[in-house]
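Undergrad: Build me a structure from this.
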Amino acid sequence: MRGVSIEFEFFQSVPDDMLDSVVNFVLYINVIRFFKECVVNAVKHSGATLIKSSVTISPDRVIIAVKDNGKGFDANVKKGRGLKNLYRRVSQIDGIVRIKSSDGTEITCDIPLKENHG
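TA: The predicted structure is shown next:
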């Protein structure tokens with residue numbers, strides 16, 4: 001397998017002692033699975049040599065972004081199981097998935113933080 005570099009950044013504007021009150025287990029699991037699916041798809045399908053990712057947590061939302069320098073794909077073509085799972089998982093927590101793909105792919109997930117994610 002060829003080498004792929006992965007860069008990860010984490011931004012948090014919520015104090016550590018409040019983090020558990022805004023990010024519950026259901027949200028945490030879905031964020032981890034979303035991130036994993038994006039990275040696996042990039043490694044398996046894109047031919048990327050670099051994957052950049054970030055997670056930003058603020059009091060009202062979580063934003064996850066995964067961007068690669070691979071070949072990209074037509075996001076309007078029939079979605080495979082991985083992309084369907086991304087959309088399903090994010091819709092379960094009232095989030096929005098955005099995909100930009102041409103020279104590389106950027107997948108962003110924007111999840112509002114609400115009390116009903118648990």
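
Undergrad: rest of the way, CA atoms for contacts and neighbours
TA: Noted.

Undergrad: where along the protein do the strands fall?
TA: Assigned by DSSP state E, the chain shows strands spanning 5-12, 50-57, 61-68, 96-102, 104-112.

Undergrad: To residue 31, which of the ones you listed lies closest?
TA: Of all the strands of the chain, strand 61-68 sits nearest to residue 31, with 7.8 Å by CA to CA.

Undergrad: got the angle between the closest one and strand 5-12?
TA: Here strand 61-68 runs at an angle of 170 degrees relative to strand 5-12 (axes from the mean of the first three to the mean of the last three CA atoms, to 10 degrees).

Undergrad: Return the set of buried residues in the longest helix along the chain.
TA: The helix that spans the most residues within the chain, counting by DSSP state H, is helix 25-41. By 16 or more other CA atoms under 10 Å, the buried positions in helix 25-41 come out as 27, 30, 31, 33, 34, 35, 37, 38, 39.

Undergrad: okay but the last one is in contact with residue 49, surely?
TA: No - using CA atoms under 8 Å, residue 39 is not in contact with residue 49; the gap is 11.8 Å.

Undergrad: gap between the longest helix of the chain and the chain center?
TA: In this view, helix 25-41 has its centroid 6 Å away from the chain centroid, taken as CA atoms, centre = their mean, to the nearest Å.

Undergrad: follow-up on the earlier one: name the nearest of the buried residues of helix 25-41 relative to residue 59.
TA: residue 27 (13.9 Å).

Undergrad: Can you give me the distance of that closest one to residue 5?
TA: 27 Å (CA to CA, to the nearest Å).

Undergrad: where in this structure is pLDDT low?
TA: 1-2, 18-23, 78, 115-118 (pLDDT under 70).

Undergrad: burial count for residue 6?
TA: Residue 6 sits with 14 neighbouring residues when counted by other CA atoms under 10 Å.

Undergrad: residues in contact with it?
TA: 50, 51, 52, 53 (CA atoms under 8 Å, 6 or more residues apart in numbering).

Undergrad: and it, bridged to which residues?
TA: Applying DSSP bridges to residue 6 gives these bridge partners: residue 51.
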